[in-house]
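Trainee: need a 3D model of the sequence below.
(2 chains)
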Amino acid sequence: MSRTLRWWVLGAGLAGVGLAFLLAVVDLPSFGSVLHPSRDLAVPAAVQHGTANVVASVTFDQRGLDTLVEETILFGSVVAVAALLRPAEDERLQRERGSRPPLEATRLFGYLLLPLTLVVGLDLVAHGHVTPGGGFQGGIMLATGLHLLYVAGRYRSLEELRPLPLFETAEAVGTAAFVAMGFAGLAVAGSFLANFLPFGAFGQLLSAGTVPLLNVAVGIAVGSGGVVLLAQFFRQVFLVTEDADEHVDEKGAARP
Amino acid sequence: MTVLIGIALTLVLAGGVVVVFTDDPQRQAVTLSVYGLLMTVLFLLLAAPDVALSQVVVGTAIVPLMVMLTIRKMRGNR
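Mentor: Got it, this is the predicted structure:
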């Protein structure tokens, strides 16, 4: 493909996207107006299923399949990062490489926020169907919170608290649990991811049917996925290339 | 409320410009983190607390952390 042709293809693509965007935006109700068609449909549907957090109702009940696909994208991304950042043949781990201990203030900050972040993360997962939050927000907060140990200068403790094979399994189990809930809905109520459990009392911990269970499944999957993802980056920092003269590649020349 | 949203939007705009014009990638990770926090405030003002929660963790913690670790790895191997 010649350079000019490529520019034409790009131009046609941009014009098409621009036109579609314009057509989509022109019909939108104006910002802050009373007219709100999606809200008028989503809120009664959420209340009907005993879900106080309408956003959770949309993501896990009304549009559960979209969330499952998102979850799968995240899963695929973590697998891709793990594949790309795996240690090369001539790399080995070297711990505590030239790292200075953090400032006392930073360390204190890490220790103070660690329990707080973990509790908030658990709360977000557990109450995702009642108050803002949910499996994704809570899970990713738990994964990040654990890494405050690194901020506090305790990378070794972090490694001990983080058995990677366990988290890798948990990520897969969480994702599989979401799919299993979908098939359970299909078997019991006749449609994939149908909300087939009792809706309970509005605003209570036990309400909204399958939504809290899906939140827990997503929380496990996203939390473990986040830990596995960050672990790949941390391992890269502690990986060093072995001395070049120990290795000779297939052509017989020493590596640079 | 409209005034607050206007202020938040302006801060997000200014924050984005600062991130783009930060030359050193290591400093850029910090400005990106602040930018993530400004976005969080904007989402909160727009009555989207669920999105704000995602934004505060992903935008101000995870992404800057991955950038910092990547930079540390690259500088260490030079």
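Trainee: how many residues are close by residue A:126?
Mentor: Residues near residue A:126, counting by other Cβ atoms under 10 Å in any protein chain shown, number 18. Yep, even glycine has a C-beta here, placed from its N, CA and C like the rest.
Trainee: so does stretch A:83-90 get close to chain B?
Mentor: No - legend: contact between stretch A:83-90 and chain B by Cβ under 8 Å from any Cβ of the partner chain is lacking; minimum distance shown is 9.5 Å.
Trainee: just the buried residues of that stretch, please?
Mentor: residue A:85 (16 or more other Cβ atoms under 10 Å in any protein chain shown).
Trainee: name the nearest residue to residue B:18, ignoring sequence neighbours.
Mentor: Nearest non-adjacent residue to residue B:18, counting by Cβ to Cβ, 6 or more residues apart in numbering or on different chains: residue B:31, 5.3 Å away.
Trainee: can you give me the helices in chain A?
Mentor: Counting by DSSP state H, chain A has helices at residues A:3-26, A:37-48, A:54-57, A:64-84, A:104-126, A:135-146, A:148-151, A:155-160, A:164-189, A:211-237.
Trainee: include distance to residue B:56 when you put those helices into TSV, please.
Mentor: Output for those, formatted as TSV (distance: least, Cβ to Cβ, whole Å):
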stretch	distance to residue B:56
helix A:3-26	28
helix A:37-48	24
helix A:54-57	16
helix A:64-84	18
helix A:104-126	11
helix A:135-146	9
helix A:148-151	15
helix A:155-160	22
helix A:164-189	22
helix A:211-237	14
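Trainee: tell me which of these is the most buried.
Mentor: With neighbours taken as mean count of other Cβ atoms under 10 Å in any protein chain shown, those reach their highest mean count in helix A:135-146, at a mean of 27.
Trainee: and the helices of chain A as TSV, adding distance to residue B:69 and mean pLDDT?
Mentor: TSV is the format used below for the helices of chain A (distance: least, Cβ to Cβ, whole Å; pLDDT from 0 to 100):
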stretch	distance to residue B:69	mean pLDDT
helix A:3-26	34	94
helix A:37-48	39	86
helix A:54-57	32	88
helix A:64-84	12	90
helix A:104-126	16	89
helix A:135-146	13	89
helix A:148-151	10	82
helix A:155-160	12	75
helix A:164-189	16	88
helix A:211-237	4	89
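Trainee: between those helices, which gets nearest to residue B:49?
Mentor: Of all these, helix A:54-57 sits nearest to residue B:49, with 8.4 Å by Cβ to Cβ.
Trainee: which residues does the closest one contact?
Mentor: For helix A:54-57, contacts defined as Cβ atoms under 8 Å, 6 or more residues apart in numbering or on different chains pick out A:42-43, A:45-46, A:49, A:51, A:128-129, A:132, A:134, A:208, A:211, A:215, B:50.
Trainee: and what of stretch B:38-56?
Mentor: Contact partners of stretch B:38-56, identified using Cβ under 8 Å, 6+ apart, comprise A:53, A:55-56, A:124, A:132-134, A:136-137, A:140-141, B:1, B:4-5, B:8-9, B:11-12, B:15, B:36-37, B:59-60.
Trainee: buried ones in that stretch, by neighbour count?
Mentor: Buried residues in stretch B:38-56, defined by neighbour count with 16+ other Cβ under 10 Å: B:38-46, B:49-56.
Trainee: among those residues, name the ones in strands.
Mentor: Using DSSP state E to define strands, no part of the buried residues of stretch B:38-56 is located there.
Trainee: show me what from chain B comes close to chain A.
Mentor: Residues of chain B lying close to chain A (Cβ under 8 Å from any Cβ) are B:2, B:49-50, B:52-54, B:57-58, B:61-62, B:65-66, B:69-70, B:72-73, B:76-77.
Trainee: please pick the buried ones from those residues.
Mentor: Neighbour-count burial (16+ other Cβ under 10 Å) applied to those gives B:49-50, B:52-54, B:57-58, B:61-62, B:65-66, B:69-70, B:72-73.
Trainee: state the pair within those residues that is farthest apart.
Mentor: B:49 and B:73, at 35.2 Å, using Cβ to Cβ across those.
Trainee: would you map out the domains in chain A?
Mentor: What automatic domain parsing lists as the domains of chain A is A:1-35, A:51-254.
Trainee: output these as CSV; include the columns distance to residue B:22.
Mentor: Formatted as CSV, the domains of chain A follow (distance: least, Cβ to Cβ, whole Å):
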stretch, distance to residue B:22
domain A:1-35, 28
domain A:51-254, 21
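Trainee: out of these, which is closest to residue B:26?
Mentor: Of all the domains of chain A, it is domain A:51-254 that lies closest to residue B:26, at 13.8 Å by Cβ to Cβ.
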